[in-house]
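Undergrad: With the sequence up front, the predicted model follows.
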Amino acid sequence: MHRIFQAFIDGLAESSDEEGLRTTMEFTATALDLSCFAYLVVSNYPRAKARLISNYPAAWTTHYLERHYELLDPVIVQAIAEQEPFEWGRDIGPATLSKEQRELFEQAAFFGIRHGYTIPIHDNRGPVAALTFASPEREPTFGRCIERNGRVLQFMAMCFHVHARRKIVTDRHVDGVLLSRRELESLQWAAFGKSAWDTSVILGIKRRTVAFHLENAKAKLEVRTIQQAVGRLAASKLKMH
């Protein structure tokens with residue numbers, strides 16, 4: 001597992017676009033016997049299309065995004081409402097589904113997406129994304145992988161989210177102040193409660209480099225503590241939405 005995780009971190013660091021991120025996650029998922037994945041970013045703007053990095057069949061993902069199924073999908077609804085990972089599929093999940101939700105599940109099943117494990121990704125402002133691993137059926141191999149590597153998958157989801165956000169969200173202004181990419185990344189991980197050492201492992205840089213970027217961010221935002229800087233970040237997001 002250590003080699004797989006290290007290759008995953010290296011792949012994220014070397015990825016320069018969404019395709020690189022998709023390839024990295026696909027390789028890692030396959031190594032863990034988790035063939036299908038979907039990373040969905042929840043939009044805070046009405047009717048704005050959700051962002052997706054996935055190796056699901058393209059015909060399904062195009063159909064899904066065009067019809068804004070993220071607003072209807074019981075999996076995404078649960079990911080927004082809860083912070084803990086969960087399994088879903090036949091005989092698992094909400095007992096009551098609307099006609100539209102049942103039809104959505106039936107359409108997904110046509111493309112081989114019948115069972116899954118979803119990791120909600122929330123920051124200090126609420127739900128922002130979800131990473132799902134799916135399979136055609138509830139297979140023993142899939143269940144064993146989830147049981148054995150659940151916590152590692154959660155950490156991987158957060159790592160993927162931060163790296164993917166650099167490709168999806170280009171605005172690096174915090175309350176009107178422009179931060180560098182590394183300053184913003186370090187501050188975002190601090191908002192997730194990560195220490196400078198944790199962030200150094202995630203970003204593949206030295207701990208003192210993370211501390212340097214955090215100090216720069218504090219100076220630019222004219223605050224004295226990391227907590228105050230995180231507060232400015234949260235306030236800036238609220239103003240945007």
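TA: Looks like it arrived, so ask away. As the structure is a prediction and not an experimental result, all values here were calculated from the model.
Undergrad: Point out where the protein drops to low pLDDT.
TA: 44-48, 124-127, 167-171, 237-241 (pLDDT under 70).
Undergrad: Show me the helices in it, by range?
TA: Using DSSP state H, the helices found in the chain span residues 2-14, 18-31, 58-66, 74-81, 99-110, 140-168, 181-191, 196-203, 207-221, 226-240.
Undergrad: among the ones you listed, which is the most enclosed?
TA: Among the helices of the chain, judged by mean count of other CB atoms under 10 Å, the one packed with the most neighbours on average is helix 181-191 (a mean of 21). For every residue, glycine as well, the C-beta is placed using N, CA and C.
Undergrad: Could you chop this protein up by domain?
TA: Listed domain ranges for the chain are 2-168, 173-240 (source: automatic domain parsing).
Undergrad: rewinding a little: could you dump the helices of the chain to CSV with distance to residue 123?
TA: Formatted as CSV, the helices of the chain follow (distance: least, CB to CB, whole Å):
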stretch, distance to residue 123
helix 2-14, 18
helix 18-31, 19
helix 58-66, 23
helix 74-81, 13
helix 99-110, 27
helix 140-168, 9
helix 181-191, 6
helix 196-203, 14
helix 207-221, 16
helix 226-240, 8
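Undergrad: closest one to residue 87 among these?
TA: Closest to residue 87 of the helices of the chain, according to CB to CB: helix 140-168, at 7.1 Å.
Undergrad: In terms of secondary structure, what does that closest one contact?
TA: If contacts are counted by 3 or more CB pairs under 8 Å, 6 or more residues apart in numbering; DSSP states H and E, helix 140-168 sits against helix 2-14, helix 18-31, strand 36-41, strand 115-123, strand 126-135, helix 181-191, helix 196-203.
Undergrad: show me what contacts the residue nearest the centre of the chain?
TA: For the chain, residue 161 is the residue whose C-alpha lies nearest the centre (CA atoms, centre = their mean; 3.7 Å). Residues in contact with residue 161 (CB atoms under 8 Å, 6 or more residues apart in numbering) are 39, 121, 128-129, 131.
Undergrad: let's see it at 7 Å
TA: Residue 161 makes contacts with 121, 129, as judged by CB atoms under 7 Å, 6 or more residues apart in numbering.
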